[in-house]
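**Student:** For reference, the sequence and a predicted model appear below.
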Amino acid sequence: MDFSLFWSSLGPLLLGAIQGTIPLTLASFALGLMIALVIAVMRISPNKLASAVARVYISVIRGTPLLVQLFVIFYGLPAVGVKIDPWPSAIIAFSLNVGGYAAEIIRAAILSVPRGQWEAGHMIGMSRNQALVRIILPQAARVSVPPLSNTFISLVKDTSLASLILVTEMFRVAQQVAAFSQEFMLLYLEAALIYWVICLILSTAQTSLEKRLDRYVAH
């Protein structure tokens with residue numbers, strides 16, 4: 001192994017993380033949370049049709065591999081006349097995937113809030129939606145932080161799959177440098193190390209956030 005290559009390639013890989021991996025993760029997670037909130041509310045809705053649609057969406061997302069979902073959007077949709085560029089394809093696929101998994105997390109968090117909280121909202125004249133937004137969701141948010149944080153950390157690693165549809169993120173840069181230098185083991189281990197450091201930082205931040213929120217959760 002040419003370890004001088006390790007240091008010379010560190011800059012391009014970190015740049016790939018800053019310009020590709022991190023923005024892709026943040027954009028996909030933000031959109032995914034919006035989708036998840038809508039799906040979770042539909043899932044607990046008394047409307048049977050809305051609940052059924054949400055149930056099917058979650059089942060499809062959780063029952064199929066992320067890589068297949070990514071390929072269907074980027075390589076499959078052009079067959080029916082819908083062509084989407086690599087970056088939007090990756091964001092759509094990751095967002096839909098996060099939405100399917102996070103919806104169940106949010107649903108469980110909502111259901112963990114005591115039923116009396118709903119009744120208290122109704123007693124002071126709130127509608128179901130008002131009680132949900134003003135009373136239930138703030139409490140559910142604190143409960144859902146740990147599992148949603150795990151989903152976010154997993155997404156950081158999953159973005160490496162975007163390299164398969166030509167999105168220039170960190171792992172794609174590692175592939176390009178490895179192909180040029182033929183030092184595949186070194187470059188892939190270097191990419192793994194950077195992913196590990198990023199996830200370690202995020203895990204530390206998650207632990208700190210959980211401790212802060214735990215002060216406001218009744219035991």
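**Tutor:** Right, received. Where do you want to start? Residues are numbered from 1 along each chain as shown.

**Student:** Could you report the neighbour count for the nearest residue to Leu37 once chain neighbours are set aside?
**Tutor:** When the adjacent residues along the chain are set aside, Leu37 lies closest to Ile106, with 6.0 Å between them (Cβ to Cβ, 6 or more residues apart in numbering). All C-beta atoms are positioned from the backbone trio N, CA, C, and that covers glycine. Counted with other Cβ atoms under 10 Å, the neighbours of Ile106 add up to 26.

**Student:** measure Ile106 to Thr151 for me?
**Tutor:** Look at Ile106 and Thr151: by Cβ to Cβ, to the nearest Å, they are 11 Å apart.

**Student:** what helix or strand is the residue nearest to Leu37 on?
**Tutor:** Element membership of Ile106, judged by DSSP states H and E, is helix 86-112.

**Student:** what packs against that helix?
**Tutor:** Judged by 3 or more Cβ pairs under 8 Å, 6 or more residues apart in numbering; DSSP states H and E, helix 86-112 is in contact with helix 22-43, helix 48-63, helix 66-71, helix 137-158.

**Student:** So for the helix or strand following it, what gets flagged as buried?
**Tutor:** On the C-terminal side of helix 86-112, the nearest following helix or strand under DSSP H and E is helix 115-123. By neighbour count, with 16 or more other Cβ atoms under 10 Å as the criterion, the buried positions of helix 115-123 are Trp118, Gly121.

**Student:** sorry, back to before: pull out the buried residues from the helix holding Ile106.
**Tutor:** Within helix 86-112, the residues that count as buried by 16+ other Cβ under 10 Å are 86-87, 89-107, 109-110.

**Student:** Distance from the strand or helix carrying Thr207 to the middle of the chain?
**Tutor:** Assignment of secondary structure by DSSP H and E places Thr207 within helix 184-214. The offset between the C-alpha centroid of helix 184-214 and the centroid of the whole chain comes to 15 Å, using Cα atoms, centre = their mean, to the nearest Å.

**Student:** Direction-wise, compare it with helix 22-43 and give the angle.
**Tutor:** With axes from the mean of the first three to the mean of the last three Cα atoms, to 10 degrees as the basis, helix 184-214 and helix 22-43 are set at 50 degrees to each other.

**Student:** State the mean pLDDT of helix 184-214.
**Tutor:** Per-residue pLDDT over helix 184-214 has a mean of 90.

**Student:** other SSEs contacting it?
**Tutor:** The contact analysis (3+ Cβ pairs under 8 Å, 6+ apart) places helix 184-214 against helix 3-16, helix 137-158, helix 170-181.
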